[in-house]
Structure formats: C-alpha cells, structure tokens
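S.K.: Sequence plus the predicted model coming up.
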Amino acid sequence: MKYKRKEKYKTLESQLAAVKKDGRAIEHIHNPSEEVQLKAVKKDCFAIQYIHNPSEDVQLAAVKQDGRAIEYIHNPSEDVQLEAVKQDCLAIEYIHNPSEDVQLKAVKEDVRAIKYIHNPSEEVIDFLKNEHIEIFDEHFEEGK
C-alpha cells in the first residue's frame, strides 16, 4: 500500500483516516497524537513498532490484542508485561528480565513458557518441581 509523504498527514483528520484504513500507516505520520496512536494499534497491534515512545495506554492496547506485540516495546512496565503474558503466555520470549510475577503467570498458563525464561526465579522452579516434575526434569536436570 502506498502512502503519502509524512508532510501530507498534517491534520488530525487525515491522520485518523489513514490509520483507520491501515494501522501501519502511522509509520508515515510525524509525531502522531496519542489518539492517532491508539487508533493505529487498535487497527493493527504491530503498528506499535512505528511509534516512538508509546504511552502505557498505547502499549496496553497493543498487547491486549496480541501479547507478541511486546517485542516492539522498549522497557515495558510490569503491568504491560503481565498483560502480554495474560494474552499469550509465550510472549515472555520477548521480555528481557521478566519479574517473578511475570514468569509465574507465564508458566502457570503454559509450562512450555519456561523455555523462554533464562533465569527462572526460585518460585518458578518450585512451581515446576511441585506441579510439573516432568518439565522440571527435562529442563533442569538435563542441563537445558
């Protein structure tokens, strides 16, 4: 899809119309307002990759649609991380240094998430030992 140059999207109305058609059109909008950003990520959550410093509300709107959108969010808050793994527990793959709460939420949803947690907390390890010994043995006893 071809887009006009950034300077063509000067009015709020033209910006909203562009992202209503295609959320990724935000890539061609200079300094979009939060309203435009929200509309863009609600149309296509992966449009967040084109937004410089999105607000927490914009981040949450994106990961609520698809947790994997967190891949494009730099330094997401714990709330954004929790929402991402709530939507898709395997989105933890894209979270650097997830907190213990985020780790637990992910593995409690799906124990396969452990393969994306590089430094699991003691509580996560205990959960696996107590609830999913076969995963614990596979992941930790064999040095994986």
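M.R.: In hand now; what should we look at? Residues are numbered from 1 along each chain as shown.

S.K.: what's the residue closest to the geometric middle of this protein?
M.R.: Central residue of the chain (Cα atoms, centre = their mean): Ile70, 1.8 Å from the mean position.

S.K.: Surely that residue is in contact with Cys89?
M.R.: No. The criterion here is Cβ atoms under 8 Å, and Ile70 misses it with Cys89 at 11.9 Å. Glycine gets a C-beta too; all of them are placed from N, C-alpha and C.

S.K.: Can you spell out the domain ranges of this protein, please?
M.R.: When the chain is parsed with automatic domain parsing, its domains come out as 1-52, 59-144.

S.K.: could I get those as a markdown table with mean pLDDT?
M.R.: Output for those, formatted as a markdown table (pLDDT from 0 to 100):
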| stretch | mean pLDDT |
| --- | --- |
| domain 1-52 | 90 |
| domain 59-144 | 89 |
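
S.K.: on that earlier part again, so what's the residue nearest to the centre of the chain closest to, chain neighbours aside?
M.R.: Once flanking residues are discounted, Ile70 sits nearest to Ala84: 4.1 Å by Cβ to Cβ, 6 or more residues apart in numbering.

S.K.: Can you name the residues that contact that neighbour?
M.R.: By Cβ atoms under 8 Å, 6 or more residues apart in numbering, the contact list for Ala84 reads 63, 67-70, 76, 91-92, 94-95.

S.K.: Which one of those sits in the busiest neighbourhood?
M.R.: Counting neighbours by other Cβ atoms under 10 Å, Val63 leads the contacts of Ala84 with 29 neighbours.

S.K.: so which strand or helix has it?
M.R.: Taking DSSP states H and E as the criterion, the element that holds Val63 is helix 56-65.

S.K.: Give the buried residues for that helix.
M.R.: 58-65 (16 or more other Cβ atoms under 10 Å).

S.K.: which outside residues touch it?
M.R.: By Cβ under 8 Å, 6+ apart, the residues outside helix 56-65 that reach it are 34, 37-38, 41-42, 45-48, 51, 54, 69-70, 72-73, 76-77, 79-80, 83-84, 87, 91.

S.K.: Perfect, that will be all.
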